[in-house]
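Chemist: Predicted model and sequence below, questions to follow.
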There are 2 protein chains.
Amino acid sequence: MGGLMRRPTIMDIAKAAGVSKGAVSYALNGRPGVSEQTRGRILAIAHDLGWAPSSPARALSPGGRVGAIGLVVDRPAHSLGLEPFFMQLVSGIETELASSGVDLLLQVTEDMGAEIAAYRRWSAERRVDGVVMVDLRVDDPRVRVVEELPLPAVLLGGPEGADPLPCLYTDDAGAMREVVHYLAALGHRRIVHVAGPEEFVHTRARVGAFLDAAEQAGLGEARSVYADYTGEAGTKTTRRLLATQDRPTALVYDNDLMAVAGLGVAHEMGVDVPSQLSIVAWDDSVLCRLVRPSLTAIARDVVSYGRMAALMLGATIKGGPVEKREVSRGELYPRASTGPLGA
Amino acid sequence: MGGLMRRPTIMDIAKAAGVSKGAVSYALNGRPGVSEQTRGRILAIAHDLGWAPSSPARALSPGGRVGAIGLVVDRPAHSLGLEPFFMQLVSGIETELASSGVDLLLQVTEDMGAEIAAYRRWSAERRVDGVVMVDLRVDDPRVRVVEELPLPAVLLGGPEGADPLPCLYTDDAGAMREVVHYLAALGHRRIVHVAGPEEFVHTRARVGAFLDAAEQAGLGEARSVYADYTGEAGTKTTRRLLATQDRPTALVYDNDLMAVAGLGVAHEMGVDVPSQLSIVAWDDSVLCRLVRPSLTAIARDVVSYGRMAALMLGATIKGGPVEKREVSRGELYPRASTGPLGA
DNA sequence: GCCGTCTGCTTAACCGGTTCAGTTTTCTGT
DNA sequence: ACAGAAAACTGAACCGGTTAAGCAGACGGC
């Protein structure tokens, strides 16, 4: 494995410049204590030598940061790759981190116990300066664990149940009201909401808003059923719903994967979309535009969401105040999967 | 941000046990130099204190490792989330790393220049002990860069063009021959291969095998067209192909995303799948099972691929010999998108 | 009884940075 | 010209581990 030459250290620079280690450190970090002339010489030498600061050495110094943050994704591995959400989130987080030279540690776990173990280990071993936590749950045990650890964290979700941590959330309730009004305006009376797992805070928010909005719109039979975001769950749930008499005329899915699965089931059962059934997906992705008919979807700017999360975590690591921020909610993009009955 | 207590260090353990730092280190690392009795006492104290080794400190010691490896994914962010390949690969890599307490750094870049910059930075700053590189290209500049850096690497792809690095590859040519024979056996004569980017080594292998197998099967009109794995490319390419007279009766796509896009186009153009057009996707995923008709696909065990890559990288980091390994090739899973013409 | 070896532990150096406390040099004012 | 202050730089400690070298005491052999 090539590269025989030793990595240059500030000591090498010091020798070449004929000054002490300390002077080099001041020069490289743009701090006072060296003349501009000397600073220039040192920077030039550092550049020539191809020097870069050793991240472990920096981290070890008193008050030093490791320059990395962590993200744990706790979803079954096989369903995972399909949700563009995570990769977009990662992409957004990194856009923000890139400018400050911070890296991202990613861990995929199968359950929350493993997720919590990861936070404990990262904190104890000083692997990261902080973490971004997704999918906030009701009475989330992670909040307590992280709170008593020396581990800054930003939650994606809330604001309910996020205290005392900083959090970032979208107005899911508002978006859901928009969806219900839209479907009601198209004439739909029997709408079912295929929700995510019941324990998620955002699931609660969506379900609550869905039922409220439905009642206000005078839809008697509206209800939410819980599923787990996987394609299989979408398939089974949809099959069950469409097999009832007085079957729903519109379905709202909490993610795109279940919506695509639902579309497949409708096709299989001979239920035409959209003339006999309207479908709305939460979280837009190429997937929604790729299938036929293309799916009406709520599109959030997940990349910005990730960027903002990274920004907030950075501030939290630096010791800033605990903020609770709301980002703009998703917009509804009507496509071919929704329409009036019988059209 | 809670956690006020200082992290325990081996010095704390040493004081509590009434021995020196060195003795604690020997005890904790299972090395000779301490009595079994003392070792037991030290381990107990370490456990009580909730001690874990500081990763930066370990890395800084002469010959120390940082305990992390890196993976750069160089694809346009929006197309990315959809390919289950990467998340499955990550999942596989981590399965293997978990046992040894090694972490994964993930970076998403927009072009190869940024990818190379990431390797340089990781190596110079000592962020990782090694990297896994995907999508090997013809005359890949990354190979030279990594080779002359102090940065162990394992390539996914090859074995052509991988020298002098260790690599891991699948028999794409064999899998492609199987696909062509299968389609030929169904009676297809006009088959087009919608390939990935021309510069990838595995694209070359597949294209070469496709043309060879087609010629052997006596199919005159077989050809490959290059695309870039995105849904848009799949859409455009398919639209163009289906608009020709004497349009192909079977299409083989180099990834699942383009295949799904192609299916959508066929639907849109009123070309029935599979009676008028057969579709085969490379790389199976839930996506292929979700759409209607479900897609015939080549399924590789990507998780194992990732595990093996991590294993090889670990061996390379430890200074093992340069290995070139082949993993079992993908299997063909016939589903509803392929069949004899007019059936 | 004395030498040599082994065991069990300590001491100290080292990794590559940061930073504080001094020390020397240069600048400023009168 | 010279005191005093500011600027430029040095030396050493520190972060938390690992490890080579040194050393005291026990044990065995002859």
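Modeler: Now that the structure is in, tell me what you want to look at. Keep in mind that what you see is a predicted model, and the values were worked out from it rather than measured. Numbers count the residues shown, from 1 in each chain, chains lettered A, B, ... in the order given.

Chemist: give me the low-pLDDT residue ranges for the stretch 51-200 of chain A?
Modeler: Residue ranges of the stretch 51-200 of chain A with pLDDT under 70: A:77-82.

Chemist: Which stretches in it count as strands?
Modeler: Applying DSSP state E, counting those that start in this stretch to the stretch 51-200 of chain A gives strands spanning A:68-74, A:103-109, A:130-133, A:153-156, A:167-170, A:191-195.

Chemist: Touching the first one from outside, list them.
Modeler: Residues from elsewhere that reach strand A:68-74, judged by C-beta atoms under 8 Å, 6 or more residues apart in numbering or on different chains: A:80, A:86, A:89-90, A:93, A:97, A:102-112, A:114-115, A:118-119, A:122, A:127-135, A:310, A:313, A:317, B:105, B:127. C-beta here means a position set from N, CA and C on the backbone, and glycine is covered the same way.

Chemist: run the last query once more with 7 Å
Modeler: Outside strand A:68-74, the residues that touch it by C-beta atoms under 7 Å, 6 or more residues apart in numbering or on different chains are A:80, A:86, A:90, A:93, A:102-109, A:111-112, A:115, A:118, A:122, A:127-132, A:313.

Chemist: The nearest residue to A:G161 once chain neighbours are set aside: what's it in contact with?
Modeler: Excluding the flanking residues, the one nearest A:G161 by C-beta to C-beta, 6 or more residues apart in numbering or on different chains is A:V201, at 5.5 Å. Residues near A:V201 by C-beta under 7 Å, 6+ apart: A:136-138, A:157-158, A:160-161.

Chemist: Check the spacing between A:V201 and B:E331 real quick.
Modeler: Using C-beta to C-beta, to the nearest Å, A:V201 is found at 42 Å from B:E331.

Chemist: returning to that earlier point: what's the ChimeraX syntax to select whichever of the contacts of strand A:68-74 are buried?
Modeler: Buried residues among these (16 or more other C-beta atoms under 10 Å in any protein chain shown), as a ChimeraX selection:
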select /A:80,86,90,93,102,103,104,105,106,107,108,109,112,115,118,122,127,128,129,130,131,132,313
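
Chemist: ok, back up a step: pLDDT score assigned to the residue nearest to A:G161?
Modeler: A:V201 is assigned 92 on the pLDDT scale.

Chemist: What's the separation between it and DNA strand D?
Modeler: Separation of A:V201 from DNA strand D (C-beta to the nearest atom of the strand, to the nearest Å): 36 Å.

Chemist: Counting neighbours, what do you get for A:P321?
Modeler: Neighbour count for A:P321, taken as other C-beta atoms under 10 Å in any protein chain shown: 7.

Chemist: What ranges does the stretch 51-200 of chain A have for its helices?
Modeler: Applying DSSP state H, counting those that start in this stretch to the stretch 51-200 of chain A gives helices spanning A:55-60, A:77-80, A:84-98, A:112-124, A:141-147, A:172-185.

Chemist: ok, now the stretch 201-343 of chain A?
Modeler: Using DSSP H, counting those that start in this stretch, the helices assigned to the stretch 201-343 of chain A run over residues A:201-216, A:231-243, A:256-268, A:286-290, A:302-317.

Chemist: How many residues are close by A:Q216?
Modeler: Here the count is done by other C-beta under 10 Å, and A:Q216 has 12 residues near it.

Chemist: where does it sit relative to A:A184, distance-wise?
Modeler: Counting by C-beta to C-beta, the gap from A:Q216 to A:A184 is 9 Å.

Chemist: Give the closest residue to the residue of the stretch 101-250 of chain A found nearest DNA strand D in space, chain neighbours not counted.
Modeler: In the stretch 101-250 of chain A, no residue comes nearer to DNA strand D than A:R126, which is 7.7 Å away by C-beta to the nearest atom of the strand. Of all residues not flanking A:R126 in the chain, B:S54 sits nearest, at 5.1 Å (C-beta to C-beta, 6+ apart).

Chemist: What backbone torsions are found at the one you found?
Modeler: Backbone torsions of B:S54, given as degrees, to the nearest 10, read phi -70, psi 120.

Chemist: Which residues lie in contact with the residue most central in space within chain A in this structure?
Modeler: In chain A, the residue lying closest to the centroid (C-alpha atoms, centre = their mean) is A:L89, at 4.6 Å. A:L89 is in contact with A:302, A:305-306, counting by C-beta under 7 Å, 6+ apart.

Chemist: Reformat those residues as JSON lines; add neighbour count.
Modeler: Below are the contacts of A:L89 laid out as JSON lines (neighbours: other C-beta atoms under 10 Å in any protein chain shown):
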{"residue": "A:V302", "neighbour count": "24"}
{"residue": "A:Y305", "neighbour count": "21"}
{"residue": "A:G306", "neighbour count": "27"}
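
Chemist: May I see those residues organised as JSON lines, with pLDDT and distance to chain B added?
Modeler: Converted to JSON lines, the contacts of A:L89 look like this (pLDDT from 0 to 100; distance: C-beta to the nearest C-beta, whole Å):
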{"residue": "A:V302", "pLDDT": "88", "distance to chain B": "9"}
{"residue": "A:Y305", "pLDDT": "93", "distance to chain B": "13"}
{"residue": "A:G306", "pLDDT": "94", "distance to chain B": "10"}
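
Chemist: Enumerate every residue touching the residue of the stretch 101-250 of chain A closest to DNA strand D.
Modeler: For A:R126, the contact set (C-beta under 7 Å, 6+ apart) comprises A:59, A:66, B:54-56.

Chemist: By neighbours, which of the residues you listed wins?
Modeler: Tallying neighbours with other C-beta under 10 Å puts B:S55 at the head of the contacts of A:R126, with 26 neighbours.

Chemist: That residue: what's its closest spatial neighbour, skipping adjacent residues?
Modeler: Among residues not flanking B:S55 along the chain, A:E125 sits closest, at 4.5 Å (C-beta to C-beta, 6+ apart).

Chemist: residues in contact with that neighbour?
Modeler: B:52-55.

Chemist: Out of the helices of the stretch 201-343 of chain A, flag the one nearest DNA strand C.
Modeler: Nearest of the helices of the stretch 201-343 of chain A to DNA strand C, taken as C-beta to the nearest atom of the strand: helix A:302-317 at 14.8 Å.

Chemist: Run the contact check for the closest one versus DNA strand C.
Modeler: No: judged by C-beta under 7 Å from any atom of the strand, helix A:302-317 stays clear of DNA strand C, getting no closer than 14.8 Å.

Chemist: what do you get for stretch A:126-135?
Modeler: No: using C-beta under 7 Å from any atom of the strand, stretch A:126-135 never reaches DNA strand C; the gap is at least 12.7 Å.

Chemist: First-to-last residue distance for that stretch?
Modeler: One end of stretch A:126-135 sits 24 Å from the other (C-alpha to C-alpha, to the nearest Å).

Chemist: Give me the distance from it to the chain's centre.
Modeler: From the chain centre to the centre of stretch A:126-135 is a distance of 12 Å (C-alpha atoms, centre = their mean, to the nearest Å).

Chemist: distance of A:D74 from chain B?
Modeler: Separation of A:D74 from chain B (C-beta to the nearest C-beta, to the nearest Å): 12 Å.

Chemist: Could you report the neighbour count for that residue?
Modeler: 20.

Chemist: A:V19: how many residues sit nearby?
Modeler: 17.

Chemist: circling back: any chance of TSV for the contacts of A:E125, columns distance to DNA strand C?
Modeler: Below are these laid out as TSV (distance: C-beta to the nearest atom of the strand, whole Å):
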residue	distance to DNA strand C
B:A52	18
B:P53	13
B:S54	11
B:S55	13
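
Chemist: ok, so of those residues, who is nearest chain A?
Modeler: B:A52 (3.5 Å; C-beta to the nearest C-beta).

Chemist: which ones are touching that closest one?
Modeler: B:A52 makes contacts with A:121, A:124-125, as judged by C-beta under 7 Å, 6+ apart.

Chemist: contacting residues for A:Y253?
Modeler: So A:Y253 contacts A:194, A:234, A:259, A:262, A:280-282 (C-beta under 7 Å, 6+ apart).
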